[in-house]
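# Predicted model follows, preceded by the sequence.
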Amino acid sequence: MTTKTFGSSGAFTNSGTYGSAADGYGVVISGSPVTFTNTGTVIGNSRVIYVKSANDTITNQGVLLGAASGTQSGAGIVAYAATSNLNIVNSGTIMGANAGGKQVSILAGGTGSKVTNTGTIARGIYFTGAATNGTVTNAGLIASNTFYGAVSGYGGLTVVNQAGGTITGVNAGSYGVRVKGGAASVTNAGTIIGSTYAITFASGFANRVIEQPTAVLTGKVDGGDATQAVFELASGASTGLLTATGGAFKNFGTLLFDAGAKWTVTSDSGLASAFKTISGFAAGDALKFPGNVTIGTPAYSSINHTTSVNLTGGAVETLIFAGKFNTFSSSTISASTFLGVVCFLAGTPILAENGEAAVEALRVGDRVATVSGALAPIVWIGHRRVDCRHHPDPARVWPVRIPAGAFGPGVPRVDVSLSPDHAVYVDGVLIPAKHLIGVGGIAQSPVDVAHYYHIELERHDIVLAAALPVESYLDAGDRASLSDNDGVVRLHPDFGAREVDAAAVWEMRGYAPLAVRGPVLAAVRRRLAAGGVGRVAEARAVA
């Protein structure tokens, strides 16, 4: 077959074979706009598909095959000047015979062009000079040659590697994603591999990497700009794990933990040099260091609004956190030191004297609102960081999440997570959260690490957590499961079996009857399951 040329606008389909190994080009597109769909085979020696016009769409569901020789080494799709807004959708195979080829080459003038791949692109994607604002979305396989990255660009570039997608630099000296000019963004939920660098950016730009908990990075990552670049840890259904040892990261201004994200970052003495500032660090997040590391006392700067903490021992550095941290939690497990935030859970808003305050910001002596409308002072604060992975029965310590609106509009106002035995006040009784699991969207969250925080008032009472009425702390024999940095702490805390051991204490000092079985509990569960609500208390005006 000879070269097929589309010189006028229209929609065209190939279900057979265009071009041959003897033809320089398999298909030439010079009309605008052209929609070309290939379900068969296109073969070209120099270029399989040569695009000369703008606003065209190429959909490949078959095979684009480059021959063994030619000036472009059998490149799959080559687009030259005036090819802006080219849209390439590949669910088939784009394969060149020469390892030096660039299978999708969008050259000067390719502004706004997009490549979406769910198939295989065997020799990489290449955006050059003026091909700015290009976008690559991948759920398949994109492999590189020896010099260019599997995805590479010289202008601004956006790369989205979806779950199941692989972008790989398969040979020595190759890259996963390489951008040498213009601001770039890489979102990774799949796998990105580079023999040296998985991702590398140019300096002088606000580059960004957004890493999902499911993602895998093999190779180093260079943000390009130690002031503007951001490495963002995104939220997801699972706890993310990031290894930042051995100089794996450099030239990032910020390591950003997204709201609601849960990540453990394993590092050594290079974390502070890799990331200038750590932002968004909260409940469930942890930094993991060698076990001989000692964590110093936080120091807050009211000028910069940052908190610094010194690490000494195996790692010697000063970490800078955006925001004010009064304390960090630390523990040593299996020869590793974990740095986290003590909380129950951090950020949970408690109605206090001057409005809502995050629970971790409360102190002994602060006054919180009760359902009666009165203010009651905090007399004791207990907290505990629990490594659920090493607990003999993790279900006893995994948090129970009560979603926003579970008990009616705005109750709670945002998701609230409680320890399994922490009770909600509803229908005139107190029901431990674990007895509400399975209805109204209430569910237990299997996590690696849980941070719990409890406040005790002068008497057992009801406080408001994001408008949800919950109990204050009642010492029913489990104080040793929490710590106020004084006294003995139980090795394996048990936040889930109090109703049997503490019946007598509850009867004497409890705010309301404890319902762990019987008709009242059954009625509340039925209403929640049916989308109805229990009668939760509302706070009167704070006195």
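Perfect, I can see it now.
# Does Ser273 belong to a helix, a strand or coil?
What DSSP: H, G, I helix; E, B strand; the rest coil gives for Ser273 is helix.
# residues contacting it?
250, 317 (C-beta atoms under 8 Å, 6 or more residues apart in numbering). No exception for glycine: its C-beta is placed from N, CA and C like everyone else's.
# Surely Ser30 and Phe6 touch.
Yes: counting by C-beta atoms under 8 Å, Phe6 is a contact partner of Ser30 at 7.1 Å.
# quick one, which of these two is more surrounded?
Phe6 (19 against 15; other C-beta atoms under 10 Å).
# And stretch 237-255, what's buried?
For stretch 237-255, burial by neighbour count (16 or more other C-beta atoms under 10 Å) applies to 239-240, 242, 244-245, 248-255.
# How about stretch 268-281?
268-272, 274-275, 277-281.
# Next: stretch 25-43.
Buried, per 16+ other C-beta under 10 Å, within stretch 25-43: 25-29, 31-32, 34-38, 40-43.
# of all these, which comes closest to Ala523?
Ala523 lies nearest to Thr37 out of these, by C-beta to C-beta, at 60.1 Å.
# Contacts only, for the closest one.
Contacts of Thr37 by C-beta under 8 Å, 6+ apart are 11-14, 59-61.
# Kindly recompute the last result at 7 Å.
Taking C-beta atoms under 7 Å, 6 or more residues apart in numbering as the criterion, Thr37 is in contact with 13, 59.
# The helix or strand where Phe289 lies pairs with which strands, and in what direction?
Per DSSP states H and E, Phe289 falls inside strand 286-290. With DSSP bridges as the test, strand 286-290 is paired with strand 263-267 (parallel), strand 336-340 (antiparallel).
# any idea which helix or strand comes after that strand?
Following strand 286-290 in sequence order, the next helix or strand is strand 294-295 (DSSP H and E).
# That following strand: what's the following helix or strand?
Following strand 294-295 toward the C-terminus (DSSP H and E): strand 299-301.
# So which elements touch the very next helix or strand once past that following strand?
Sequence order places strand 306-312 as the next helix or strand after strand 299-301, per DSSP H and E. In terms of contacts (3 or more C-beta pairs under 7 Å, 6 or more residues apart in numbering; DSSP states H and E), strand 306-312 is packed against strand 294-295, strand 299-301, strand 317-322.
# Try it again at 10 Å.
helix 271-274, strand 275-279, strand 286-290, strand 294-295, strand 299-301, strand 317-322, strand 336-340 (3 or more C-beta pairs under 10 Å, 6 or more residues apart in numbering; DSSP states H and E).
# Kindly present the buried residues of stretch 268-281 as CSV, with separate columns for distance to Thr294 and pLDDT.
Below are the buried residues of stretch 268-281 laid out as CSV (distance: C-beta to C-beta, whole Å; pLDDT from 0 to 100):
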residue, distance to Thr294, pLDDT
Asp268, 15, 83
Ser269, 13, 77
Gly270, 18, 84
Leu271, 15, 89
Ala272, 15, 90
Ala274, 21, 93
Phe275, 21, 94
Thr277, 22, 95
Ile278, 18, 95
Ser279, 24, 91
Gly280, 25, 87
Phe281, 19, 86
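# Longest helix of the chain, counting residues only.
Taking DSSP state H as the criterion, the chain has its longest helix at helix 519-529.
# looking only at pLDDT, what's the mean for it?
For helix 519-529, mean pLDDT rounds to 91.
# how far out from the middle of the chain is it?
Computed by C-alpha atoms, centre = their mean, to the nearest Å, the chain-centroid distance of helix 519-529 equals 35 Å.
# so what secondary structure elements neighbour that helix?
strand 423-426, strand 429-432.
# Please repeat the previous calculation with a cut-off of 7 Å.
For helix 519-529, the packing partners by 3+ C-beta pairs under 7 Å, 6+ apart come out as strand 429-432.
# Identify all contacting residues around the strand it packs on.
420-424, 471, 499, 511-516, 520-521, 524.
# same question, stretch 231-239
So stretch 231-239 is contacted by 208-214, 223, 240, 242, 249, 252, 255-258, 260-264, 275, 447-448 (C-beta under 7 Å, 6+ apart).
# Emit the ChimeraX select command for whichever of those are buried.
To isolate the buried ones among these in ChimeraX, judged by 16+ other C-beta under 10 Å, type:
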select :208,209,210,211,212,213,214,223,240,242,249,252,255,256,257,258,261,262,263,264,275,447,448
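# what distance separates the start and the end of stretch 4-23?
10 Å (C-alpha to C-alpha, to the nearest Å).
# Please apply the same query to stretch 182-199.
15 Å.
# Show me which residues of it are buried.
Here stretch 182-199 shows 182-195, 197-199 as buried, counting by 16+ other C-beta under 10 Å.
# where along the protein do the helices fall?
Using DSSP H, helices in the chain cover 271-274, 498-501, 503-509, 519-529.
# Contact partners for the residue nearest to Arg525 when sequence neighbours are not counted?
Excluding the flanking residues, the one nearest Arg525 by C-beta to C-beta, 6 or more residues apart in numbering is Val439, at 5.0 Å. Residues near Val439 by C-beta under 7 Å, 6+ apart: 525, 528-529.
# Now neighbour count and distance to Val411 too, for these, in JSON lines please.
As requested, the contacts of Val439 are exported to JSON lines (neighbours: other C-beta atoms under 10 Å; distance: C-beta to C-beta, whole Å):
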{"residue": "Arg525", "neighbour count": "19", "distance to Val411": "17"}
{"residue": "Leu528", "neighbour count": "20", "distance to Val411": "12"}
{"residue": "Ala529", "neighbour count": "11", "distance to Val411": "17"}
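# Many thanks, have a good one.
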